Structure formats: C-alpha cells, structure tokens
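[1] Got a sequence here, can you build the structure:
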Amino acid sequence: MPATNDAKAAARLVDLNKDIYQRVRAAGATLYPVSALPLSKAEWRDHLGQAFGQLEAAKQRYDPDQLLTPGYEIF
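    Residues are numbered from 1 along each chain as shown. As a prediction, the model looks like this:
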C-alpha cells in the first residue's frame, strides 16, 4: 500500500509543479530543462522557440538512431 501512496504523492507534486510552471511561464519566465517537471513535445518546441528547427536538424544529422538523451522526449 505505501508504494501506491508514494506514487500518488509524486504525481500530485508533479501536477503542482506543472501549475507553477504554467503561471510563471505566463509571466515570462523560462524553465531550465533539468527539473522535476516533464515537458511534452509541444512544450519543448515552445521552450526552444526558433532554435527548435536547428536542434532538430542537428539531432537528425548527428544522432539518426535517436540514441542520445532519450529521456527528455523532445522529438
């Protein structure tokens, strides 16, 4: 039973982090990628802005097998 409670508590904290992120983002703040808040692919695109296309092209060129940093799920 404690593992279930721990998972629920962790999910609740991530949800709270997401709420805070959305509020500070609306105020013009920027998230530093190494955080406890997972971003969706659309949120990564928004976060990276105009640099996203360049990063995506570099990723395809230098890591075509998608081996490097798979955990962030940017692409």
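[2] Nearest residue to the middle of this protein?
    Centroid-nearest residue in the chain, with Cα atoms, centre = their mean: Leu39, separated by 2.5 Å.
[3] I'd say it and Leu31 touch.
    Yes: the pair Leu39 / Leu31 is scored as a contact, 7.4 Å apart, by Cβ atoms under 8 Å. Placement of C-beta: from N, CA and C, glycine included.
[4] what's the overlap in contacts for the two?
    His47 (Cβ atoms under 8 Å, 6 or more residues apart in numbering).
[5] Give me the residues contacting stretch 39-48.
    By Cβ under 8 Å, 6+ apart, stretch 39-48 touches Thr30, Leu31, Pro33, Phe52, Leu55, Tyr72, Glu73, Ile74, Phe75.
[6] Next, count neighbours for Lys59.
    15 (other Cβ atoms under 10 Å).
[7] and after the longest helix seen in the chain, which helix or strand comes next?
    Assignment by DSSP state H gives helix 2-26 as the longest helix of the chain. Downstream of helix 2-26, the next assigned helix or strand under DSSP states H and E is helix 41-48.
[8] tilt between that following helix and helix 2-26?
    Counting by axes from the mean of the first three to the mean of the last three Cα atoms, to 10 degrees, helix 41-48 lies at 40 degrees to helix 2-26.
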